[in-house]
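**Student:** Pasting the sequence and the predicted coordinates here, then a few questions.
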Amino acid sequence: MKESPDLRVSDISNTGNFVRLIELFPPSLPVPELASDSQRFDLSLRFERLLNSINSLESLADGFCLPELKDGQRIHLNSVGLASELTRKTGAAIIPTLTLRDSNRQNILGTIAYALFAGIENLLIVRGDPYRDGEGNTAKNVYEIKSVAAAVSSIRRLESHLSNQDRLCIISPINLSRASDPKYLEAIKSREFAGVDLFLAESLFEDLETYFARVEAVRKAGAKLPIVHTIFPLRGYEDAINCIQKFGWQIPDDELHVLKSKGSEYGLEMARRRYQGLLSRKDSAQGACISTRGDPEIARLITL
């Protein structure tokens with residue numbers, strides 16, 4: 001086991017350095033009802049693959065995010081428990097995701113208490129998009145803790161009652177496309193007030209000037225925390241159209257046109273260009289998080 005750097009992601013940003021995160025998918029398997037009687041799954045092997053990916057990419061990242069994946073047809077290893085084991089084996093900064101959609105208040109607080117006990121230093125808290133009828137799953141939406149701000153307030157109160165406990169770096173999503181929505185801006189400020197340390201913005205596809213204009217609008221509205229921006233490599237034209245329909249992302253028409261002919265090669269070029277654009281604007285961008293979409297080597301290709 002490598003020696004832990006004992007460093008929260010917010011510490012990196014607070015020293016003026018550009019935060020580099022890589023998103024890696026947690027191991028998963030189908031829900032029992034969808035697995036055939038003959039199927040067998042080796043979770044240890046899948047864990048080792050993830051472990052090897054972290055070790056091979058460690059020089060490219062300050063931390064690794066384990067994302068929330070909304071899939072009622074698959075079981076994903078518990079994010080906090082997985083982060084604890086990965087941190088123990090690698091010494092890397094592993095960032096688990098806690099999803100308010102999936103658990104009641106007692107379970108969430110118990111998970112947070114375990115994270116603190118296990119030495120987790122960073123935690124991403126999301127509401128989670130709701131499960132909807134017709135998506136082919138039977139999972140239920142819980143949302144007993146209804147807002148990220150409420151969850152963060154509970155964490156900070158819990159921390160205040162623990163001895164010899166370092167403060168968690170709490171990360172919250174931010175949707176810059178809603179920078180002109182007064183109600184949403186109030187929600188962002190409430191997260192800051194509750195004790196969030198850093199924002200993670202959703203995927204960047206607009207041209208950089210349009211994108212940074214949204215960052216400036218959020219800043220003018222009072223948001224002061226560092227913002228790390230997500231880089232999401234597209235696999236081709238059909239993938240881009242699906243993302244537009246599913247998430248409402250705005251992808252420029254000229255790039256959609258090139259994706260038709262060049263596919264994933266151009267998707268990587270788009271991601272690489274935006275990553276370099278963030279690096280060139282460190283005054284406005286405090287970091288980047290590369291989504292590998294299940295292929296860890298994508299991070300290496302984007303950061304070349």
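**Tutor:** All right, it came through fine.

**Student:** At which residues are the helices of the stretch 51-200 of the chain located?
**Tutor:** With DSSP state H, counting those that start in this stretch as the criterion, the stretch 51-200 of the chain has helices at 79-90, 105-117, 148-160, 182-194.

**Student:** quick one: buried residues of the shortest one?
**Tutor:** Within helix 79-90, the residues that qualify as buried by neighbour count (16 or more other CB atoms under 10 Å) are 79-80, 82-84, 86-87, 89-90. The way it works is simple: take the backbone N, C-alpha and C, and place the C-beta from them, glycine included.

**Student:** same check, this time on the last one
**Tutor:** Buried residues in helix 182-194, counted by 16+ other CB under 10 Å: 184-185, 187-192, 194.

**Student:** Pull up the gap between the closest residue to residue 51 other than its chain neighbours and residue 150, please.
**Tutor:** Spatial nearest neighbour of residue 51, chain neighbours left out: residue 89 (6.0 Å); criterion: CB to CB, 6 or more residues apart in numbering. Per CB to CB, to the nearest Å, residue 89 is found 33 Å from residue 150.

**Student:** swap in residue 81?
**Tutor:** When CB to CB is applied, the distance between residue 81 and residue 150 equals 24 Å.

**Student:** Return the angle between stretch directions for the strand or helix carrying residue 212 and helix 182-194.
**Tutor:** Element membership for residue 212, per DSSP states H and E: helix 208-220. Helix 208-220 and helix 182-194 meet at an angle of 60 degrees, taking axes from the mean of the first three to the mean of the last three CA atoms, to 10 degrees as the criterion.

**Student:** just how off-centre is the helix or strand following helix 208-220 within its chain?
**Tutor:** Counting by DSSP H and E, the next helix or strand C-terminal to helix 208-220 is strand 227-231. Distance, stretch centre to chain centre, for strand 227-231: 9 Å (CA atoms, centre = their mean, to the nearest Å).

**Student:** Now do the strands in the chain.
**Tutor:** Here the chain has its strands, by DSSP state E, at 19-23, 28-30, 63-65, 74-76, 94-95, 97-99, 122-126, 169-174, 198-203, 227-231, 287-291.

**Student:** Those into CSV, with extra columns for distance to residue 139 and mean pLDDT?
**Tutor:** Compiled in CSV, the strands of the chain are given as follows (distance: least, CB to CB, whole Å; pLDDT from 0 to 100):
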stretch, distance to residue 139, mean pLDDT
strand 19-23, 22, 97
strand 28-30, 13, 90
strand 63-65, 22, 97
strand 74-76, 10, 87
strand 94-95, 23, 96
strand 97-99, 11, 95
strand 122-126, 16, 97
strand 169-174, 20, 96
strand 198-203, 22, 94
strand 227-231, 24, 95
strand 287-291, 23, 96
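
**Student:** would a markdown table of the ones you listed with distance to residue 50 and mean neighbour count be doable?
**Tutor:** Listed next are the strands of the chain as a markdown table, based on distance: least, CB to CB, whole Å; neighbours: other CB atoms under 10 Å:
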| stretch | distance to residue 50 | mean neighbour count |
| --- | --- | --- |
| strand 19-23 | 12 | 24 |
| strand 28-30 | 11 | 16 |
| strand 63-65 | 9 | 27 |
| strand 74-76 | 12 | 15 |
| strand 94-95 | 10 | 26 |
| strand 97-99 | 15 | 22 |
| strand 122-126 | 17 | 24 |
| strand 169-174 | 20 | 24 |
| strand 198-203 | 20 | 21 |
| strand 227-231 | 20 | 24 |
| strand 287-291 | 15 | 25 |
